[in-house]
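*Asks:* here is a sequence together with a model predicted from it:
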Amino acid sequence: MSDVYGVFGYPVEHSWSPFIHGMFARQTGQDIVYHLHESTPEQFREDLPDFFRDGGKGANITLPHKQVAAELMDELTPRARRAAAVNTILATDHGLLGENTDGAGLVTDLKSNLGLVLRGSRILMLGAGGAARGTLGPLLELKPRTLLVANRTRDRALQLAQHFQDQGPVSACLFDEIGRESFDLIINATSASLLGEVPNIPETAVSSGSVCYDMSYGVRETSFTAWGKRMGAGACAQGWGMLVEQAAEAFFLWRGVKPDSGPVLDALRKHVAAGTQPGAVQPDR
Ligand code: ATR
């Protein structure tokens with residue numbers, strides 16, 4: 001019988017994860033099935049244990065359940081503990097192990113797919129919610145010169161910077177306190193793109209050497225990548241690569257085999273260019 005995996009979210013019907021993990025499984029010859037589980041915030045605390053009681057081997061967790069998932073784990077990896085959020089769960093002999101692969105996925109996309117060298121760089125992180133929190137640790141491990149967290153609400157930014165202070169040169173401010181320096185990398189971890197909005201940051205933050213990276217993604221330009229282009233950024237990218245790379249890390253944790261993310265990213269890009277959403281791909285058996 002195939003090993004059972006799935007993703008929990010609310011809403012979750014537009015998730016690309018079944019397609020991505022289906023392609024990984026086919027590529028590596030792993031016998032798995034992967035299903036969508038739409039679970040409301042009220043149901044999630046029951047649905048997740050039920051899934052593993054019924055034999056589930058592993059799960060991905062997406063919005064809005066990542067923080068609650070961390071509370072439901074028997075064990076957390078250091079990254080998941082620091083992020084206080086879980087996006088990947090592995091069923092082990094000792095119970096449920098919670099991991100957070102978002103930061104590693106972002107870093108792999110920045111380094112391997114976009115070819116960025118971030119050691120000594122100036123990074124601006126926009127937003128101080130769960131998406132920022134899940135990625136600050138792995139970004140600081142790259143030893144940037146500065147990592148400034150800017151947010152609409154000061155206290156959240158300050159708290160986040162304080163939480164990661166022992167890991168590197170992280171500081172915090174409001175959007176209008178960013179100043180006039182430009183940044184090598186500007187990461188949008190706010191949910192503004194989902195509303196078609198752009199965080200209100202100074203135009204001087206962007207130069208021709210800047211990369212504007214939006215953790216959000218869509219079949220069209222996001223409001224943030226469109227803004228970056230208008231401001232003359234050297235490059236702009238949406239979070240498609242992060243999506244595929246965080247999934248590759250999860251797949252490796254589950255199956256012990258590292259899939260090749262390149263062909264999956266190419267396939268996603270074709271769907272994006274065609275404006276279509278693929279159905280799930282199940283492995284050949
Ligand atoms: P997530 O888990 O996706 O990060 P979240 O924890 O609700 O979601 O955080 C959303 C982030 O986007 C926050 O930093 C939020 O700013 P506040 O802390 O001030 O609420 C930010 N955000 C949401 N909408 C925004 C907008 N229109 N402009 C700028 N920032 C926005």
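*Replies:* Yep, that arrived.

*Asks:* the helices in this structure, which residues?
*Replies:* For the chain, the helices defined by DSSP state H occupy 17-28, 41-53, 66-72, 78-83, 102-108, 130-140, 154-163, 223-230, 240-255, 261-274.

*Asks:* quick one: name the residues of the stretch 101-250 of the chain near the ligand.
*Replies:* Residues of the stretch 101-250 of the chain lying close to the ligand (CB under 6 Å from any ligand atom) are 127-131, 151-153, 156, 189-192, 195, 197, 199. Every C-beta, even on glycine, is put in place using the N, C-alpha and C of the backbone.

*Asks:* quick check on the residues you listed: which are buried?
*Replies:* Among those, those buried by neighbour count (16 or more other CB atoms under 10 Å) are Gly127, Ala128, Gly130, Ala131, Asn151, Arg152, Arg156, Ala189, Thr190, Ala192, Pro199.

*Asks:* looking at the residues you listed, which are in strands?
*Replies:* Judged by DSSP state E, the subset of those located in strands is Asn151.

*Asks:* which residue in the buried ones among the residues of the stretch 101-250 of the chain next to the ligand has the weakest pLDDT?
*Replies:* Among these, Gly130 carries the lowest pLDDT, at 90.

*Asks:* give the contact list for the residue of the chain found nearest the ligand.
*Replies:* Across the chain, the shortest distance to the ligand (CB to the nearest ligand atom) belongs to Gly129, at 1.9 Å. By CB atoms under 8 Å, 6 or more residues apart in numbering, the contact set of Gly129 is Arg156, Ala189, Thr190, Ser191.

*Asks:* distance between stretch 39-56 and the chain's centre?
*Replies:* 22 Å (CA atoms, centre = their mean, to the nearest Å).

*Asks:* neighbours of the closest residue to Arg269 other than its chain neighbours, how many?
*Replies:* Leaving aside its chain neighbours, Arg269 sits nearest to Trp240 (7.1 Å; criterion: CB to CB, 6 or more residues apart in numbering). By other CB atoms under 10 Å, 19 other residues sit near Trp240.

*Asks:* repeat that for Gln30.
*Replies:* By the criterion of other CB under 10 Å, Gln30 has 19 neighbours.

*Asks:* what's near enough to touch the residue lying closest to it once chain neighbours are set aside?
*Replies:* Excluding the flanking residues, the one nearest Gln30 by CB to CB, 6+ apart is Arg255, at 5.1 Å. Neighbouring residues of Arg255 by CB under 8 Å, 6+ apart: Thr28, Gln30, Ile32.

*Asks:* that older thread, out of the buried ones among the residues of the stretch 101-250 of the chain next to the ligand, which two sit at the greatest distance?
*Replies:* Gly130 and Pro199 (16.3 Å; CB to CB).

*Asks:* returning to that earlier point: what would the buried ones among the residues of the stretch 101-250 of the chain next to the ligand look like in a markdown table with distance to Phe251?
*Replies:* Listed next are those as a markdown table, based on distance: CB to CB, whole Å:
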| residue | distance to Phe251 |
| --- | --- |
| Gly127 | 27 |
| Ala128 | 29 |
| Gly130 | 22 |
| Ala131 | 21 |
| Asn151 | 32 |
| Arg152 | 35 |
| Arg156 | 32 |
| Ala189 | 24 |
| Thr190 | 28 |
| Ala192 | 30 |
| Pro199 | 32 |
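
*Asks:* tell me the one of the buried ones among the residues of the stretch 101-250 of the chain next to the ligand nearest Ser208?
*Replies:* The shortest approach to Ser208 among these belongs to Pro199, at 20.6 Å (CB to CB).

*Asks:* looking at it, the closest one is touching Ser193, isn't it?
*Replies:* No: Pro199 is not in contact with Ser193 according to CB atoms under 8 Å; the separation is 9.5 Å.

*Asks:* identify the contacts common to those two.
*Replies:* When contacts are counted by CB under 8 Å, 6+ apart, Pro199 and Ser193 are jointly contacted by Phe224.

*Asks:* I'd like to know how many residues surround the residue lying closest to Gly55 once chain neighbours are set aside.
*Replies:* Excluding its sequence neighbours, the residue lying closest to Gly55 (CB to CB, 6+ apart) is Val4, at 6.1 Å. If you count neighbours by other CB under 10 Å, Val4 ends up with 18.
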